[in-house]
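Novice: Sequence and computational prediction follow.
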Amino acid sequence: MATLEEQRRANGERIQNERRANGQRIEDERRAIGNRMIEERTGKAVADDINRLVQPQRQRQPLPPVPVVGALPAGRGRADYKEPPATTAGIASPLTEKTKVVGGKTVPDNELWPQGYLSSDGLFVLPAFKTQRFTDANGAEVVFEFADPQGVAV
């Protein structure tokens, strides 16, 4: 017969093993619940079941072997030339700002609104463009016309 100390040690080991087993069981149950909740939220299991009913399982077939081919012989390439369609709209990039000579100085070719643009605090009047003139890459004139800035900036 075992001594009391040996019985206590055996009981302690048994209780410790039972606790470990219970902890592992609870952890496995939580993981299973979590996985089930993910499947329910995403509807993956339902979608898979419906797809199994609707679509027959495809049999996987191996790809046919590709025959080994040597290098291609040298040859001359051929193609028919197609003229690109003529465009009548659009602006060709880049834009170049037009300039003009005023009083012997070269200045940008633009106009400003006389009342300008009032700052939100009312202390400053900033210049406001009325028109700006550019030349595109095709040599066509491009004019930007801006609205009259009535009111105060917000």
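Specialist: Thanks, I have the structure now. In this text the structure is predicted, and so the values were computed from the model without any measurement. Numbering: from 1, shown residues only.

Novice: going forward, measure contacts between C-alpha atoms and count neighbours the same way
Specialist: OK.

Novice: distance between stretch 18-34 and the chain's centre?
Specialist: Mean C-alpha position of stretch 18-34 versus that of the full chain (C-alpha atoms, centre = their mean, to the nearest Å) differs by 41 Å.

Novice: Next: stretch 58-68.
Specialist: 36 Å.

Novice: What of stretch 47-54?
Specialist: 32 Å.

Novice: Same check on stretch 5-20?
Specialist: 59 Å.

Novice: Just the CA trace of it, in PDB.
Specialist: Extracted C-alpha coordinates of stretch 5-20, given in PDB (Å, rounded to 0.1, in the frame of the first residue of the first chain):
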ATOM      1  CA  GLU A   5       2.500  11.300   0.500                       C
ATOM      2  CA  GLU A   6       2.500   9.000  -2.600                       C
ATOM      3  CA  GLN A   7      -1.300   9.100  -2.600                       C
ATOM      4  CA  ARG A   8      -1.300  12.900  -2.500                       C
ATOM      5  CA  ARG A   9       1.300  13.100  -5.300                       C
ATOM      6  CA  ALA A  10      -0.700  10.700  -7.400                       C
ATOM      7  CA  ASN A  11      -3.900  12.700  -6.800                       C
ATOM      8  CA  GLY A  12      -2.000  15.900  -7.700                       C
ATOM      9  CA  GLU A  13      -0.700  14.400 -11.000                       C
ATOM     10  CA  ARG A  14      -4.200  13.000 -11.800                       C
ATOM     11  CA  ILE A  15      -5.800  16.400 -11.200                       C
ATOM     12  CA  GLN A  16      -3.100  18.200 -13.200                       C
ATOM     13  CA  ASN A  17      -3.600  15.800 -16.200                       C
ATOM     14  CA  GLU A  18      -7.400  16.200 -16.000                       C
ATOM     15  CA  ARG A  19      -7.000  20.000 -16.000                       C
ATOM     16  CA  ARG A  20      -4.700  19.900 -19.000                       C
END
